[in-house]
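**Student:** have a look at this prediction, sequence included:
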Amino acid sequence: MSSSEVLDRLAAVIESRKPASGGDPQRSYVARLLHKGPDAFLKKIGEEACETVMAAKDCDHGGDRSRLVGEVADLWFHSMIALAHYGLGPADVVAELARREGLGGLQEKAMRAIGESDSSAA
Ligand SMILES: N=c1c2ncn([C@@H]3O[C@H](COP(=O)(O)OP(=O)(O)OP(=O)(O)O)[C@@H](O)[C@H]3O)c2ncn1[C@@H]1O[C@H](COP(=O)(O)O)[C@@H](O)[C@H]1O
């Protein structure tokens, strides 16, 4: 089982829960969030991000690392609902990570700073 297969299957299920695909808010959690709209699933992303931070901090103090895995799973899951709403999916995120492969964060930041100073000089 590859991680991208799992993400692709989940993306397909989320797609099938969209209102246009007949998703039923009475029977499906995903359909309910999509039906409520961006405020509902974006709020969940904020909550899950905070819970991820708290679970990670607990790991620093001997906490259960499986809790961190669970919180990141919640964060990814709710982020995937947002991606689907905006017509995107895990393949788009993977493509962006692939594009960044080999470009160090400090290098990218330095390139951005040069671009910003060029545009302010123009
Ligand atoms: N991966 C998940 C998944 N992860 C988390 N959740 C649900 O997300 C909800 C919110 O999680 P919380 O920990 O915040 O729980 P809570 O405090 O009860 O949340 P709220 O009351 O704030 O909604 C819970 O009800 C979880 O069960 C998920 N629900 C569904 N999936 C996947 O989505 C598929 C489709 O789900 P349905 O659309 O519900 O059929 C499922 O088959 C799964 O593969």
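**Tutor:** Now that the structure is in, tell me what you want to look at.
**Student:** going by C-alpha atoms from here, please, whenever you check contacts or count neighbours.
**Tutor:** Noted.
**Student:** against V93, how distant is I14?
**Tutor:** 16 Å (CA to CA, to the nearest Å).
**Student:** P38 too?
**Tutor:** Counting by CA to CA, the separation of P38 from V93 is 19 Å.
**Student:** kindly report the same for A31.
**Tutor:** Distance from A31 to V93, by CA to CA: 22 Å.
**Student:** of those two, who's got more company?
**Tutor:** A direct count of neighbours by other CA atoms under 10 Å for A31 and V93 places A31 higher, at 23 against 13.
**Student:** within range of the ligand, give me the residues from the chain.
**Tutor:** With CA under 6 Å from any ligand atom as the criterion, the chain meets the ligand at residues L10, S28, Y29, V30, A31, D74, F77.
**Student:** ChimeraX command for the buried members of these?
**Tutor:** In ChimeraX, this line selects whichever of those come out buried by 16 or more other CA atoms under 10 Å:
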select :10,30,31,74,77
